[in-house]
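Q: Dropping a prediction and its sequence here:
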Amino acid sequence: MEEEKDFLPLLGTDYVEFYVGNSLQTAFYYQTAFGFQPLAYSGLSTGNHVTESYVVRQDKITFVFTSPLCENSKVGKHIDKHGDGVKIIALSVLDADKALKETALRGAVISLDFEILKDADGSIARSGIKTYGETEHYFIDRTKYKGDFLPGFEAWNPTYKPKAVGLKFVDHMVGNVDWGEMNIWAEFYINVMGFTQLVSFDDKDISTDYTALRSKVMSNGNGRVKFPINEPAKGRNKSQIEEYIKFYNGGGVQHIALATDDIVSTVRELKNRGVDFLYVPSTYYKTVLDRVGSIDEELQELQELGVLVDRDEEGYLLQIFTKPVGPRPTVFYEIIQRKGATSFGKGNFKALFEAIEFEQSKRGTL
Ligand code: FE2
């Protein structure tokens with residue numbers, strides 16, 4: 001799609017907001033384990049008596065962790081139902097009013113009416129619509145704002161600042177939806193948000209003895225925002241997507257893929273800081289080079305870390321997946337380094353899902 005014909009031009013992911021039980025400790029975990037830097041705060045000391053939020057940033061990735069300060073709140077109910085999870089995927093736009101009007105015209109359900117927030121650093125224009133589950137997209141125009149995050153937030157500048165680990169930007173964010181809903185949400189991204197479908201996988205591509213799923217990868221016009229959508233498919237036993245849907249109580253964000261340009265050093269550092277990754281069977285490395293051809297990295301090093309490799313027509317990619325980062329088997333992370341490849345690691349699905357099933361069997365949820 002050419003930029004001028006794109007009715008919803010997106011500049012990229014502005015921020016991702018999680019609703020969590022303990023925003024302070026979650027921010028501490030992302031600082032300590034993932035190397036995010038403290039950025040901004042909203043809570044009692046800024047006059048916010050409803051929620052407390054900590055904002056952290058690493059290069060172009062901004063995460064917000066929000067907890068309720070009182071009972072029976074919108075945030076508290078979300079956490080009770082879903083556990084800690086992603087509530088808002090905020091997208092950068094140049095015109096938040098037009099973004100809302102264009103998507104509402106095409107059937108979007110509005111979750112946040114157009115509004116302008118102001119403080120001494122300027123103004124932010126924003127609006128929002130609903131997507132799968134209880135997840136929302138916000139449209140954020142920060143072209144008239146000089147502050148670090150949003151009006152109402154103050155700088156958060158503690159002395160504790162573990163170093164960054166080389167994470168650069170959000171490569172893609174995957175949504176899990178319930179049985180039979182993948183096409184509904186794929187069409188939502190096409191019809192309401194002007195996305196196109198890059199690829200699709202069905203249960204013949206993605207199935208092991210147990211896990212089966214279907215997936216469609218949706219991309220906006222300039223390719224900066226990519227949302228694969230998964231739904232469960234019938235396998236011999238419970239699909240990992242079904243497990244997610246059960247514990248999340250519906251559709252939601254399954255994983256966020258964070259890009260690095262040196263996966264070996266990033267993953268080594270994450271492991272040193274206690275991040276748990278999925279186990280990859282050693283047999284994977286016996287045949288991987290037959291499948292992907294020659295690569296720049298030392299295979300021995302990739303095997304020690306458990307980094308996976310896949311190739312498409314345009315190049316190759318390196319990727320690795322964490323275990324879920326909370327008590328429920330829901331949200332996890334992918335660390336990805338692209339060396340030309342624009343795909344998502346289809347060749348790794350089987351090896352990967354066998355690893356996920358190994359974890360599921362330990363949880364007794366297969
Ligand atoms: Fe992914």
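A: Right, received. Where do you want to start?
Q: all contacts plus neighbour counts: C-alpha atoms, from now on.
A: Will do.
Q: Residue nearest the middle of this structure, spatially speaking?
A: Geometric centre of the chain, nearest residue: Ile256, 2.4 Å, by C-alpha atoms, centre = their mean.
Q: If we ignore the residues flanking it in sequence, what's nearest that residue?
A: Spatial nearest neighbour of Ile256, excluding adjacent residues (C-alpha to C-alpha, 6 or more residues apart in numbering): Met173 at 4.5 Å.
Q: Same question for Ile116.
A: Sequence neighbours aside, Ala125 is the residue nearest to Ile116 in space, at 4.4 Å (criterion: C-alpha to C-alpha, 6+ apart).
Q: Give the buried residues for whichever strand or helix holds that neighbour.
A: Assigned by DSSP states H and E, Ala125 belongs to strand 122-130. Buried residues in strand 122-130, defined by neighbour count with 16 or more other C-alpha atoms under 10 Å: Ser123, Ile124, Ala125, Arg126, Ser127, Gly128, Ile129, Lys130.
Q: Is the residue nearest to the centre of the chain in contact with Asn176, as I believe?
A: No: applying C-alpha atoms under 8 Å as the test, Ile256 and Asn176 come out as separate, 11.8 Å apart.
Q: hang on, the earlier thing: list the first helix or strand encountered after the helix or strand encompassing the residue nearest to the centre of the chain toward the C-terminus.
A: Assigned by DSSP H and E, Ile256 belongs to strand 252-260. Downstream of strand 252-260, the next assigned helix or strand under DSSP H and E is helix 263-272.
Q: okay, the angle between that next one and strand 252-260?
A: Helix 263-272 and strand 252-260 are oriented at 120 degrees to each other (axes from the mean of the first three to the mean of the last three C-alpha atoms, to 10 degrees).
Q: how far out from the middle of the chain is whichever helix or strand comes after helix 263-272?
A: Next helix or strand after helix 263-272 toward the C-terminus (DSSP H and E): helix 283-292. The chain centre lies 28 Å from the centre of helix 283-292; the measure is C-alpha atoms, centre = their mean, to the nearest Å.
Q: now do stretch 116-129
A: That offset, for stretch 116-129, works out to 24 Å (C-alpha atoms, centre = their mean).
Q: Residues contacting it, please?
A: Stretch 116-129 is contacted from outside by 95-97, 99-100, 108-115, 136-147, 150-152, using C-alpha atoms under 8 Å, 6 or more residues apart in numbering.
Q: hmm, try it at 6 Å
A: The contact list for stretch 116-129 (C-alpha atoms under 6 Å, 6 or more residues apart in numbering) reads 96, 109-115, 136-142, 144-147, 151.
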